[in-house]
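What follows is a predicted protein model with its sequence.
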Amino acid sequence: MPWFPVKKVRKQMKLLLLLLLLTCAAWLTYVHRSLVRPGRALLRQRLGYGREVEKLTGVTDGRGVPVVSSTQRAEDSSESHEDEQVPEGRVPNMLFPRGARKLPPLNLTHQTPPWQEEFKGQVNLHVFEDWCGGAVGHLRRNLHFPLFPHTRTTVKKLAVSPKWKNYGLRIFGFIHPARDGDIQFSVASDDNSEFWLSLDESPAAAQLVAFVGKTGSEWTAPGEFTKFSSQVSKPRRLMASRRYYFELLHKQDDKGSDHVEVGWRAFLPGLKFEVIGSAHISLYTDESTLKMDHVDHVPQSPASHVGGYLPQEEPSADMLRPDPRDTFFLTPRMEPSSLENVLEPCAYAPTYILKDFPIARYQGLQFVYLSFVYPNDHTRLTHMETDNKCFYRESPLYLERFGFYKYMKMDKEEGEEDEEEVQRRAFLFLNADDFLDDEDEQELLDSLEPTDASLRQSHNTPITAASTKTAATPTPPTTSPLKEQIPRHSRALNWAPRPLPLFLGRAPPPRTAEKSSSKVYVTRVRPGQRASPKALRDPPWPPFPGIFVHPRPLPRVQLRAPPHPPRPQGHRTSGFQATELRPLVRAQATQKDQARAQGLTAPTVDLNSSAEAQPVTSFLSLSQVSRPQLPGEGDEGEDDGAPGDEAASEDSEEEEEAAGRPPGRWHEGAIDWQRTFSVGSVDFELLRSDWNDLRCNVSGNLQLPEAEAVDVVAQYMERLNARHGGRFALLRIVNVEKRRDSARGSRFLLELELQERGGSRLRLSEYVFLRLPGAHVGDEDGESPEPPPASSAHPDGRPELCRPLHLAWHQDVMVHFIVPVKNQARWVAQFLADMAALHAHTGDSHFNIILVDFESEDMDVKQALSVAQLPRYQYLRRTGNFERSAGLQAGVDAVEDPSSIVFLCDLHIHFPPNILDSIRKHCVEGKLAFAPVVMRLGCGSSPHNPHGYWEVNGFGLFGIYKSDFDRVGGMNTEEFRDQWGGEDWELLDRVLQAGLEVERLRLRHFYHHYHSKRGMWARRSRKGSRAE
């Protein structure tokens, strides 16, 4: 046990107690001062101290720095944004989507470059142009943010307004406070912005202190520093002897008055924010002598990397979901030599080949056919069909007006007649042949002329309608006596004698003879003022603005407005009364004197300001729902047209308005929430053909029926196991592609995952041909006649599988990516980074990068190639203006091996991980060329949130064997010397005329980045016309 000096402690007990008392007194004094100081500051504010700025600014300490009476010292930097939201995360450039969930470490800048005194007076400004969105999070999704801006420049104060649209700014540098003390910052902008400030001069310590909005919809007026609470920062203690790194991010969309400014003030009551001027800012570094590919000096702070990329739980597009096709190329492939004798050889010469067939200029687009794919690869852009419904056969105008109701069959209620459903279906399948000719229509209208008695009746008594549903036969309608005032120009339908169209494979019940004379008339709303017959024959509105149908069988109906006596101006009318019509669509009015039908009040809108009628279409059928109780209706003995109903209707409208319900609205009882319907399974894919549809850019690859794919795979597996003694078991069908030839058979690409007995999993990827009976032809060159069919052919005449001659692809063939470039430093750097990542992920070294440089001035392209981690590369330098055709031809000429594939490429492409495998599979020397369809991303879109469309018209991305490219004549460098646009279609014509097939498929994760086209090639080239 250690020795403890108990005796000495007892002797010095008084001194120890005194020391303890002094310590407690000092601690209590500190606590008292810290609690009393806020009270004094508050008391000074209440007594009026600080009303005059001179009083506060005149009080200084010994160094001349104003004394700051803050309520508390500046909080720790971690508290300065503890209540603020974390900015939206940036989506980094990842070659392979849906990658690892572990976020990579942030590459922050901790050491700053040497600072010089001449840096004062301005700060660095980086501009990211042509990028949509108004939120700072949209700027972080830019592929080149923060290292590769479109423009690097400087600015002399923290208030910028370039008067432009769709851009983002990154302003960074140092702030030099004028005095020591607590300082508040505020930022104002249109649209969103963020202001980051570091504790020192290090970018890695930057923290968010103020911001305007997060969603892109928030904005402020210039100089409006206190609109949002997030605009103003908490006070921060700064020293005049130090400099502090700051970063200002701003995003502007295509609306509003673009501006961004940062103000500061001493943390004193009554002071206003002032924009930070040139006297208190300085550059981070001098970039005037650096090229655009030099990015080591660009600071990387939490402002440019905040959040990272967090994979979404539910991808925005179906194509982003995992698919076995994306990584199936990593599975070892079965040797083609072991599959040679599985199927009998046969010649492959499809009938759609255009060898030596003369075609017009750019007509080759019409001879490119699509392939069918199984299983579904989800290349259909379903998330883009909100605005583009071209996948469906109906026209956009039809869908906008009628929707998809024709695919639905409403269930019949009890006591409802089949006649109503027949009429509804008839009007959903309107044909031009169903209209009566003008002569027939004239005869029909003449037969409907009223008698003298009816004329007198129409003058004296309003037309009545049945008030209950018990009436079996409505009163025949009457016409106006002044028939010359309303021209006879009505359209009638005679659909009874003709067979009605099928509805989901079922024909409607036949009509009886007595019902065959029923006619249904289609009318349109007429203008209130008198119109000439010629004006009615040439209507300014689209056809069929409204369809009115009688729910019960009527011999003849004419929907004409009866005459009305002139009414004084300003008098409110209730409109005409008609026979009991329960319309399929909502009644529509063109004047105040035609306001209601069936007692339904119309909105009180002044339609007389326009000479044209305003048709309104609705599918709310009053014949299938309970009618609303309207004023003057409900008593069985009353009619709707009795005198006094007009006044009652006016009173009802006033009561509705007084009750707060807008007039002209449907009653709640008019909506049948219990309405049900029947529908059959509809597969719209079966309605598509293999024709290359150039009008729809959201539809995906054609879908191969499952039964057909399974049948072909079953036949092949039966032959394979018969050849190898049942060594292989089928695990799953990864991919089946079919090219149809209705005359000779169909070509299939089978990709199967097999399990070898006692071995590992293998990949089978081979072409087979399903030959139709009797389609035995020789090779098109006459060199390889087809062997005679074996006796094991199907005796029942079914199609049989065979191995097409000279149609085998090679896994290790070299692929050359040829890209012409000029002054595209940020895109060249991105392209090389993607190619290096492709090599690292796949381990495939059998590809080569050929860059044809047209004297780029913004970077050293050759140096960038040398430092990139690529297996092979070639650098070609050309002088003069940029010429795409000449650049591609120069790149192909540099390839020496004729049995290698050249891929004519673009610089702004995001490649999927299986791009090399896809090119090799669909390029066969002397047989196939490959033109994949790329998805062109929209402004502000990224591969992780793809919004755009398929480039169905473009053939600029083209893969072909070098020998075939030379055989067709290469690029047309003479005609497309000073222009580009159309050289891809011209090459396609010659490829098809050489007897090659062009495989056209939409590839998953194959994107064309959105980019700015301003100043791309340092000159404005004239884009050639694609049509003669």
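Thanks, I have the structure now.

Poorly predicted segments of the protein, please.
1-4, 34-106, 306-314, 415-669, 776-797, 979-980, 1014-1028 (pLDDT under 70).

now the end-to-end length of stretch 119-139.
In stretch 119-139, first residue to last residue: 27 Å (C-alpha to C-alpha, to the nearest Å).

just stretch 252-272 next, same as before
By C-alpha to C-alpha, one end of stretch 252-272 lies 26 Å from the other end.

Quick check: buried residues in that stretch?
252-253, 258-268 (16 or more other C-beta atoms under 10 Å). In this view, the C-beta of every residue, glycine as well, is placed from N, C-alpha and C.

Same question for stretch 218-238.
218-220, 224-225, 228, 230-238.

Ok, stretch 157-170 next?
157-160, 166-170.

Need the distance between the two termini of it.
14 Å.

For the buried residues of stretch 157-170, give me CSV that also has secondary structure and distance to Leu851.
Shown next, in CSV, are the buried residues of stretch 157-170 (DSSP: H, G, I helix; E, B strand; the rest coil; distance: C-beta to C-beta, whole Å):
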residue, secondary structure, distance to Leu851
Lys157, coil, 41
Leu158, coil, 40
Ala159, strand, 41
Val160, strand, 36
Asn166, coil, 29
Tyr167, strand, 29
Gly168, strand, 28
Leu169, strand, 31
Arg170, strand, 28
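
Determine the number of other residues adjacent to Thr676.
10 (other C-beta atoms under 10 Å).

how close does it get to Asp411?
Going from Thr676 to Asp411 by C-beta to C-beta, to the nearest Å gives 4 Å.

For Asp356, the count of nearby residues, please.
8.

swap that for Leu22, sorry
Neighbours of Leu22 using other C-beta under 10 Å come to 10.

my read is it is in a strand, agree?
No. Residue state for Leu22 (DSSP: H, G, I helix; E, B strand; the rest coil) corresponds to helix; a strand is not indicated.

Show me which positions of the longest strand seen in the chain end up buried.
Longest strand in the chain by number of residues (criterion: DSSP state E): strand 728-741. For strand 728-741, burial by neighbour count (16+ other C-beta under 10 Å) applies to 728, 730, 733-741.

give me the element His297 is part of.
Secondary structure assignment for His297, by DSSP states H and E: no helix or strand.

Isn't it up against Ser288?
No. Taking contacts as C-beta atoms under 8 Å, His297 lies outside contact range of Ser288: 11.8 Å.

which of these two has more neighbours?
Each of His297 and Ser288 had its neighbours counted (other C-beta under 10 Å), and the higher figure belongs to His297 (14 against 9).

Skipping adjacent residues, who's closest to the more buried one in space?
The shortest distance from His297 to any non-neighbouring residue, by C-beta to C-beta, 6 or more residues apart in numbering, is to Thr285 (5.0 Å).

how close does that neighbour get to Arg757?
65 Å.

out of the two, which sits in the more crowded spot?
Thr285 (18 against 10).

who's in contact with the more buried one?
113, 119, 124, 297 (C-beta atoms under 8 Å, 6 or more residues apart in numbering).

How many residues are close by the residue lying closest to the second one once chain neighbours are set aside?
In space, Phe119 comes closest to Leu283 once its chain neighbours are excluded; the distance is 3.9 Å by C-beta to C-beta, 6+ apart. Leu283 sits with 21 neighbouring residues when counted by other C-beta under 10 Å.

related to what we said a few turns ago, following the chain past the longest strand of the chain, name the next helix or strand.
strand 745-756.

and the angle for that following strand with strand 728-741?
170 degrees (axes from the mean of the first three to the mean of the last three C-alpha atoms, to 10 degrees).

hmm, back to that, show me the contacts of Thr285 that map onto helices.
Judged by DSSP state H, the contacts of Thr285 include no members of helices.

Now list the buried members of these.
119, 124.

The contacts of Thr285: which two are farthest apart?
Phe119 and His297 (13.0 Å; C-beta to C-beta).

now, the most widely separated pair of the buried residues of stretch 218-238?
Trp219 and Arg237 (31.0 Å).

what about the nearest residue to Arg990 once chain neighbours are set aside, how many neighbours?
Of all residues not flanking Arg990 in the chain, Val968 sits nearest, at 4.5 Å (C-beta to C-beta, 6+ apart). By other C-beta under 10 Å, 19 other residues sit near Val968.

Now do Val968 against Ala929, distance only.
Val968 is 9 Å from Ala929, by C-beta to C-beta.

Quick one: neighbours of Gly137, just the number.
22.

who's in contact with the residue nearest to Phe119?
Per C-beta under 8 Å, 6+ apart, neighbours of Leu283: 119-120, 122-124, 154, 173-174.

Nearest to Gly133 among the residues you listed?
Among the contacts of Leu283, and counting by C-beta to C-beta, the member closest to Gly133 is Asn124, at 22.9 Å.

quick one: that closest one and Leu158 touch, right?
No. Counting by C-beta under 8 Å, Leu158 is not a contact partner of Asn124; they are 12.0 Å apart.

quick one: common contacting residues for those two?
Between them, Asn124 and Leu158 share the contacting residues Ile171, judged by C-beta under 8 Å, 6+ apart.

can you give me the helices for the stretch 101-250 of the chain?
Counting by DSSP state H, counting those that start in this stretch, the stretch 101-250 of the chain has these helices, from start to end: 136-140.

quick one: contacts for the residue nearest to Leu937 when sequence neighbours are not counted?
Once flanking residues are discounted, Leu937 sits nearest to Gly948: 4.3 Å by C-beta to C-beta, 6+ apart. Gly948 is in contact with 381, 384, 935-938, 941, 1007, 1010, counting by C-beta under 8 Å, 6+ apart.

Distance of Gly948 relative to Ser257?
For Gly948, the distance to Ser257 - C-beta to C-beta - is 29 Å.

what's the answer for Arg744, then?
Taken as C-beta to C-beta, the span from Arg744 to Ser257 is 66 Å.

Arg333 too?
60 Å.

swap in Asp296?
According to C-beta to C-beta, Asp296 stands 37 Å off from Ser257.

Does Tyr369 have any beta-bridge partners, and if so which?
Trp691 (DSSP bridges).

Might one say that it is in contact with Asp741?
No. If you go by C-beta under 8 Å, Tyr369 and Asp741 don't touch, sitting 9.3 Å apart.

list residues touching both of those two?
In contact with both Tyr369 and Asp741: Tyr352, using C-beta under 8 Å, 6+ apart.

any idea which of the buried residues of stretch 157-170 is closest to Ile960?
Asn166 (37.2 Å).

Looks to me like His1011 is in a strand.
No. Judged by three-state DSSP, His1011 forms no part of a strand; its state is coil.

Touching, it and Arg826? I think so.
No. The pair His1011 / Arg826 is not scored as a contact, 9.3 Å apart, by C-beta under 8 Å.

ok, Arg992 - contacts?
Not quite, residue 992 is Leu, not Arg. 354, 359, 364, 367-368, 998.

CA atoms only for the helix or strand containing it, dumped as PDB, please.
Element membership for Leu992 (DSSP H and E) is helix 983-993. Taking C-alpha atoms only, helix 983-993 is exported to PDB below (Å, rounded to 0.1, in the frame of the first residue of the first chain):
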ATOM      1  CA  GLU A 983     -23.300  10.500 -93.800                       C
ATOM      2  CA  ASP A 984     -24.500   7.600 -91.600                       C
ATOM      3  CA  TRP A 985     -27.600   7.100 -93.800                       C
ATOM      4  CA  GLU A 986     -25.500   7.300 -97.000                       C
ATOM      5  CA  LEU A 987     -23.200   4.600 -95.600                       C
ATOM      6  CA  LEU A 988     -26.200   2.400 -94.600                       C
ATOM      7  CA  ASP A 989     -27.400   2.500 -98.200                       C
ATOM      8  CA  ARG A 990     -24.200   1.100 -99.500                       C
ATOM      9  CA  VAL A 991     -23.900  -1.500 -96.700                       C
ATOM     10  CA  LEU A 992     -27.300  -2.900 -97.600                       C
ATOM     11  CA  GLN A 993     -26.600  -2.900-101.300                       C
END
